[in-house]
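In: Structure for the following, please:
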Amino acid sequence: MKKNQVIFLGCVTGTLFVFASIFFYRMENNRRPLPMYYAVRNFSLTDSDGQAFDQNRLRGKVWVAAFVFSTCGDVCPMMSKNLAALHRSYALRNDVAFVSVTVNPEYDDPKVLAEYAKKYQADTSKWHFLTGPRENITELMINSFKMGSMDEPIFHSTNFALVDRKGYIRGYYDGMKQDDVNRLFKDIATLLKEWPR
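Out: Numbers count the residues shown, from 1 in each chain. Down below sits the predicted model:
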């Protein structure tokens with residue numbers, strides 16, 4: 001190959017690289033920040049090890065919350081399967097957590113939740129399964145997460161809620177829809193880059 005051709009190809013390659021870099025830089029910086037909805041209120045529940053669990057255990061982490069129950073044969077298995085996939089994707093991150101809160105605490109005691117966690121191969125140091133007094137769960141679901149129904153809490157929302165490191169809800173995603181789950185995967189990564197604000 002002649003020297004002039006080498007120089008020409010080098011210039012073309014360099015120009016394409018510069019334009020590609022500018023394009024991706026602009027795309028990254030034009031991405032709108034995730035909305036900020038509500039602050040998660042203080043709560044006190046019990047995890048699948050029988051230990052007290054409150055919002056302080058999640059401080060400084062990006063986390064995803066879901067409301068399910070172990071005997072649900074309808075939407076909960078798919079929701080938990082999708083949450084398990086996200087859990088595996090972020091398994092190496094100590095600053096990402098997942099929280100499944102039962103809406104049937106009369107049955108879902110810590111022992112039942114421990115078995116439920118095993119079913120989805122959950123690392124319960126990063127994916128927490130919570131139970132507690134019904135009034136505490138209802139308060140958390142209705143007043144903090146704005147999900148579900150006060151009258152019929154067992155008919156819970158299929159949404160996942162994404163919470164940032166400061167305890168603010170930043171997004172809702174249908175746990176039954178793969179497109180929403182994929183979007184949640186990306187939005188977790190976005191929040192991980194956001195800190196410190």
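In: So what sits opposite the residue positioned nearest the centre of the chain in the bridge?
Out: Central residue of the chain (Cα atoms, centre = their mean): Val64, 2.8 Å from the mean position. Beta-bridge partners recorded for Val64 (DSSP bridges): Phe98, Leu162.
In: Run through who's touching the helix or strand encompassing Thr138.
Out: Using DSSP states H and E, the element containing Thr138 is helix 134-138. With contact meaning Cβ atoms under 8 Å, 6 or more residues apart in numbering, helix 134-138 is reached by 43-45, 101-103, 105-106, 131, 150, 153. C-beta here means a position set from N, CA and C on the backbone, and glycine is covered the same way.
In: Adding secondary structure and distance to Cys76, write those residues out as a markdown table.
Out: Formatted as a markdown table, these follow (DSSP: H, G, I helix; E, B strand; the rest coil; distance: Cβ to Cβ, whole Å):
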| residue | secondary structure | distance to Cys76 |
| --- | --- | --- |
| Phe43 | coil | 21 |
| Ser44 | strand | 24 |
| Leu45 | strand | 18 |
| Val101 | strand | 12 |
| Thr102 | strand | 10 |
| Val103 | coil | 9 |
| Pro105 | coil | 15 |
| Glu106 | coil | 16 |
| Thr131 | strand | 14 |
| Met150 | coil | 20 |
| Pro153 | coil | 14 |
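In: which regions of this structure lie under the pLDDT threshold?
Out: By pLDDT under 70, the weakly predicted segments of the chain are 1-31, 149-155, 195-197.
In: Try it again at 50.
Out: Low-confidence segments of the chain (pLDDT under 50): 6, 8-30, 197.
In: quick revisit: thought Asn159 was touching the residue nearest to the centre of the chain, still the case?
Out: No - using Cβ atoms under 8 Å as the test, Val64 is too far from Asn159 to be in contact (10.4 Å).
In: So which residues of the protein form helices?
Out: Assigned by DSSP state H, the helices in the chain fall at 3-30, 76-89, 110-119, 134-138, 178-194.
In: so what are the domain limits for this protein?
Out: 1-31, 44-194 (automatic domain parsing).
In: nearest to Tyr37, of those?
Out: Smallest distance to Tyr37 across these (Cβ to Cβ): 4.3 Å, for domain 44-194.
In: Quick one: end-to-end distance for that closest one.
Out: This stretch, domain 44-194, spans 28 Å end to end (Cα to Cα, to the nearest Å).
In: next one: stretch 53-62
Out: When the termini of stretch 53-62 are compared using Cα to Cα, they are 16 Å apart.
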